[in-house]
Structures are given as C-alpha cells and as structure tokens.
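1. Whatever this is, show me its structure:
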Amino acid sequence: MSFRTLKILTIIIPPLLIGSFELIRHSVLLYHMSMETGNYLIILLTLVVSYVFSTWMFKMIEEKNHRLATEREMRAVYEERERLAKELHDNIAQTLFLLKVNLKKGKIYEASGLVNSIDANLRQAIYNLRVNPLEMISFPKRVENWLIEWSTVSGIETNISIQITEGYFSPSEEVQLFGIIQEAFTNIRKHSEAQSAELLLQMIPNGWEMKIEDDGKGFSKNERSLNQYGLVMLKERVEKIDAVLEISSEKNHGTKIMVKGSDK
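-> Numbering: from 1, shown residues only. Next up, the predicted model:
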C-alpha cells in the first residue's frame with residue numbers, strides 16, 4: 001500500500017466514523033439512547049478505531065521503511081563490488097603493462113616483483129568479492145579474516161583489536177569501513193616498508209574510533225601528494241559515514257590514521 005493511500009485513509013476514516021455514528025444515532029437510536037451515553041460511546045468508539053488504525057498504519061510504514069533501508073544497503077553493497085571490479089581491472093591492466101615492458105628489457109627482478117603484486121591484488125580482490133556484507137558472518141570476523149589473509153600475502157605482522165558490539169554499524173557503514181581498512185592496509189603494503197601494523201576499532205564515549213598504524217618509513221608533509229589518490233579515496237569513504245579523518249606521519253617513524261565517528 002502506498003503512502004498516498006495511507007494519507008487518504010487517515011483523512012477519510014475519522015469524519016466517516018463520526019458522521020456515520022451521528023447519522024445512525026439521530027435516525028435509529030434517538031429514542032433508545034440518551035445524548036450523554038451517545039457522547040461517551042462515540043468517544044470510546046473513536047479511541048478504539050484510532051488505536052487499531054494507527055497501529056496498523058505505523059506497522060505498514062515501518063515495513064516500508066525497512067524495505068527501503070534494505071534496498072539502500074544492497075545498493076551500497078553492489079556499488080562497492082562494482083568499484084572493486086573496476087579497481088581490479090585498472091590495477092591488473094597497469095601492472096601487466098609494466099610487466100610486459102620489464103620483460104622486454106630483460107629486467108627479471110622487477111618483473112618478479114610485479115608478478116607478486118598481481119598475485120596479492122588477485123587474492124585480496126577474490127576475498128572481497130567472495131564475502132557478502134549481508135551474510136551471517138559478523139563484521140569484526142570479516143575484517144579479521146581479511147587482515148589474516150593480508151598479513152599472509154604481505155608478510156607484515158598484524159595486530160587486530162576490534163571492540164565493537166555486533167550490529168553497531170549498518171551494512172552500508174560496514175562497507176565503507178571495510179573499504180577504509182582495505183585502502184589503508186593496501187597503502188601500507190605498497191609504500192610503507194613496514195614490519196608490523198595495527199588495527200584498533202573501539203567504542204568511545206559518544207561514538208567510536210578506528211586507529212590504523214604502521215612502523216614503516218612514513219612520509220613528510222611534502223611527500224603526502226605522492227599518494228594523493230589513496231588519500232582521496234579514504235576521505236571520500238570517511239565522509240560517507242559522517243566521520244572525521246586524521247593522518248599523522250613522520251619520516252622513518254611510521255604512519256597513523258585515525259577515523260572518529262559519533263553515535264547515531
């Protein structure tokens with residue numbers, strides 16, 4: 001049932017109920033019921049009908065809102081998968097081109113590194129596309145599984161601490177948070193030369209915070225533009241969940257990414 005139909009019913013039912021009762025009272029019950037009794041009866045009848053109708057109407061609205069929310073979440077999931085597919089295509093195409101160039105020049109060592117990069121990207125992409133955010137596996141477990149896979153591929157020791165109650169984030173928020181984590185750790189693997197990395201996601205008073213930190217080579221303010229694309233992707237995802245992004249880094253002292261959000 002559409003919202004327009006619900007609106008029409010809300011407008012029609014009260015006057016129809018009261019008007020019908022008054023018509024029957026004056027034409028049939030006039031000599032069998034006192035005016036005072038009739039007044040009390042119409043009040044009681046209006047309350048009962050209003051309660052039943054409003055309960056049914058709000059149930060319908062809740063069901064509609066739930067369906068709309070589910071559709072939005074599903075759309076966010078599909079959009080994320082489309083982005084992953086495009087990113088995979090672009091990344092693999094570029095890496096294969098460089099691989100071909102290095103092989104023609106006889107640069108076997110460089111070509112071997114590119115093959116390892118393709119293998120790592122394919123492993124992560126396959127995992128991303130295999131896991132559905134709406135399945136029963138919890139968000140912390142999905143993140144933990146991905147980071148274990150990432151650590152195996154990258155060889156970087158990873159410490160994981162996720163202290164968030166299940167269901168705290170909506171599926172669409174989980175998609176964006178997962179993307180932030182993937183983007184940050186992909187940058188760590190590609191650029192940081194780190195030995196270890198850490199993820200901390202926890203609830204704090206009036207909200208939540210996520211810290212991603214590595215012990216790599218870091219970068220100065222002047223070098224930040226070298227990875228501008230990755231930073232832009234992070235900022236876009238953080239904005240989609242109404243959170244705040246802070247990045248701090250020093251040369252040879254690693255990089256720390258902080259994302260903070262408030263309670264909904």
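2. Quick one: neighbours of residue 22, just the number.
-> Neighbour count for residue 22, taken as other CB atoms under 10 Å: 12. Bear in mind the C-beta positions are built from the backbone N, C-alpha and C, glycine included.
3. Now it. Its backbone dihedrals?
-> Main-chain dihedrals, residue 22, degrees, to the nearest 10: phi -60, psi -40.
4. who's in contact with it?
-> Shown in contact with residue 22 (CB atoms under 8 Å, 6 or more residues apart in numbering): residue 42.
5. Least confident secondary structure element in this structure?
-> Least confident helix or strand of the chain, by mean pLDDT, DSSP states H and E, is helix 108-130 with a mean of 69.
6. next helix or strand past that helix?
-> helix 139-154 (DSSP states H and E).
7. which parts of that following helix are buried?
-> By neighbour count on 16 or more other CB atoms under 10 Å, the buried set for helix 139-154 is 139, 140, 142, 143, 144, 146, 147, 150, 151, 153, 154.
8. Ok, stretch 5-13 next?
-> residue 6.
9. can you give me the strands for this structure?
-> 157-163, 196-204, 207-214, 244-249, 255-262 (DSSP state E).
10. and residue 65, which of the ones you listed is closest to it?
-> strand 255-262 (22.4 Å; CB to CB).
11. Quick check: which helices or strands does the closest one pack against?
-> With contacts taken as 3 or more CB pairs under 8 Å, 6 or more residues apart in numbering; DSSP states H and E, strand 255-262 sits against strand 207-214, strand 244-249.
12. Mind listing what's buried along it?
-> Result for strand 255-262 [16+ other CB under 10 Å]: buried residues 255, 256, 257, 258, 259, 261.
13. Same question for stretch 210-223.
-> 210, 211, 212, 213, 214, 215, 216, 217, 218, 219.
14. Surely the fourth one and residue 197 touch.
-> Yes: between residue 213 and residue 197 there is a contact at 6.8 Å, judged by CB atoms under 8 Å.
15. Let me see the contact set for residue 235.
-> Contacts for residue 235 (CB under 8 Å, 6+ apart) come out as residue 245.
16. Against residue 245, how distant is it?
-> Going from residue 235 to residue 245 by CB to CB, to the nearest Å gives 6 Å.
17. Not counting its own residues, what contacts stretch 194-203?
-> So stretch 194-203 is contacted by 140, 143, 147, 156-165, 168, 177, 181, 185, 188, 208-217, 254 (CB under 8 Å, 6+ apart).
18. let's go with 7 Å and repeat that
-> With contacts defined as CB atoms under 7 Å, 6 or more residues apart in numbering, stretch 194-203 is touched by 147, 156-164, 181, 185, 188, 208-216, 254.
19. got it, and stretch 248-261?
-> With CB under 7 Å, 6+ apart, stretch 248-261 has contacts from 180, 184, 192, 194, 207-220, 238, 241-247.
20. which regions of the stretch 151-264 of the chain sit below the pLDDT cut-off?
-> Scanning the stretch 151-264 of the chain for pLDDT under 70 picks out the ranges 221-230, 264.
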